[in-house]
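*Asks:* Below is the structure, and that's it, no one-letter string:
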Ligand SMILES: NC(=O)C1=CN([C@@H]2O[C@H](COP(=O)(O)OP(=O)(O)OC[C@H]3O[C@@H](n4cnc5c(N)ncnc54)[C@H](OP(=O)(O)O)[C@@H]3O)[C@@H](O)[C@H]2O)C=CC1
Ligand SMILES: O=C[C@H](O)[C@@H](O)[C@@H](O)[C@H](O)C(=O)O
């Protein structure tokens, strides 16, 4: 049987599959969220920085009006980098847009501070065009704010995103609350096994993002993915999404296309032979130095990922 939920380290149940909303256009995301929730999705992943939370909120409202219950939906949002010293203010903005009085999970989007008093609310820049990063920021201080916000009840759980093993090792000795989740880019072209293993050891649940290779879903045509899909009589997308559930992770797939939204809910059990094939593909890329990271914004910071350090 295929797992449909995972238990977090605070006892909360998190669905195994969720709808992503990054780059979902305002005009499309309301329908996508509403459609997904009325067709079996139980988790929606958003962020203040996606600049579409008003519309995500409209989608939630539409689904609730159609009978979906708030308590049956796991809503995730993220504190953007300009708000890492103002976590509660950032969360309040998201809650207002979403039309909710709590989210289920709040994540630190990236462990970096962008100038909160800079020339833009989300992407402040310097005169030379580079991101206005505050370099002497310590991400452990941001986590203390996350712990404080957890006590307000405005979020049921707190976690991190884009944390390498190195950053988690810096954080954990100072954490009163161990992050419930680390949301990271993850797929056979970037398995990040060292982070996945470290998270498992510390009871931190992994949420896998960009499972299809992000924009345009390039991983759908990877050879072993097609081979396994043919063998099992499922789509390549199902193989890519099932890979994470087999590894014990929650997976997020973004789509604004109803047929794809529905198709992405199909998760199958991958057997040892399938996983061996996908792992061999990852190992081969690693040995050739060809691992592929699709999401690496130009912060100009070393986040401690071995493929980027
Ligand atoms: N914490 C973080 O920093 C990050 C978090 N995320 C989260 O993870 C989510 C998923 O990652 P994302 O980078 O969006 O990329 P995905 O890997 O989910 O790929 C999305 C792309 O695949 C297409 N697609 C979706 N389903 C199918 C299908 N069944 N067949 C063919 N094409 C398909 C979509 O097109 P279309 O929509 O047109 O159907 C879109 O172009 C994000 O939306 C976001 O919520 C992502 C990146 C970073
Ligand atoms: O969640 C998705 C990604 O992290 C996205 O939020 C960033 O890539 C952002 O657009 C940026 O440019 O820094």
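*Replies:* The structure has been received and is ready for your questions. Computed from a predicted structure; not experimentally measured. Ligands and ions are numbered 1, 2, ... in the order given.
*Asks:* now residue 171: how far from ligand 1?
*Replies:* Going from residue 171 to ligand 1 by C-beta to the nearest ligand atom, to the nearest Å gives 16 Å. Every residue, glycine included, has its C-beta placed from N, CA and C.
*Asks:* residue contacts, residue 50?
*Replies:* 21-24, 56 (C-beta atoms under 8 Å, 6 or more residues apart in numbering).
*Asks:* Close to ligand 2 as well: tell me which of the residues you listed qualify.
*Replies:* Contacts with ligand 2 are made by residue 22 out of those, judged by C-beta under 6 Å from any ligand atom.
*Asks:* Take the contacts of residue 50 and write them to JSON lines, including pLDDT and neighbour count.
*Replies:* Listed next are those as JSON lines, based on pLDDT from 0 to 100; neighbours: other C-beta atoms under 10 Å:
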{"residue": "21", "pLDDT": "98", "neighbour count": "27"}
{"residue": "22", "pLDDT": "98", "neighbour count": "18"}
{"residue": "23", "pLDDT": "98", "neighbour count": "12"}
{"residue": "24", "pLDDT": "98", "neighbour count": "23"}
{"residue": "56", "pLDDT": "98", "neighbour count": "29"}
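*Asks:* interface residues of the stretch 1-150 of the chain facing ligand 2?
*Replies:* 22, 47, 49.
*Asks:* which secondary structure element contains the residue lying farthest from the centre of the chain?
*Replies:* Residue farthest from the centre of the chain, counting by C-alpha atoms, centre = their mean, is residue 127 at 31.5 Å. Residue 127 is part of no helix or strand, with elements assigned from DSSP states H and E.
*Asks:* repeat for residue 120
*Replies:* Here residue 120 sits in a region with no helix or strand, counting by DSSP H and E.
*Asks:* ok, now how distant is it from residue 80?
*Replies:* Counting by C-beta to C-beta, to the nearest Å, the gap from residue 120 to residue 80 is 11 Å.
*Asks:* same check, this time on residue 303
*Replies:* 16 Å.
*Asks:* same check, this time on residue 293
*Replies:* 20 Å.
*Asks:* quick one, which of the two is more surrounded?
*Replies:* It is residue 80, of residue 293 and residue 80, that has more neighbours when counted by other C-beta atoms under 10 Å, with 22 against 15.
*Asks:* quick one: contacts for that one?
*Replies:* 47-49, 90, 109, 114, 122.
*Asks:* Closest one of those to ligand 2?
*Replies:* residue 49 (4.7 Å; C-beta to the nearest ligand atom).
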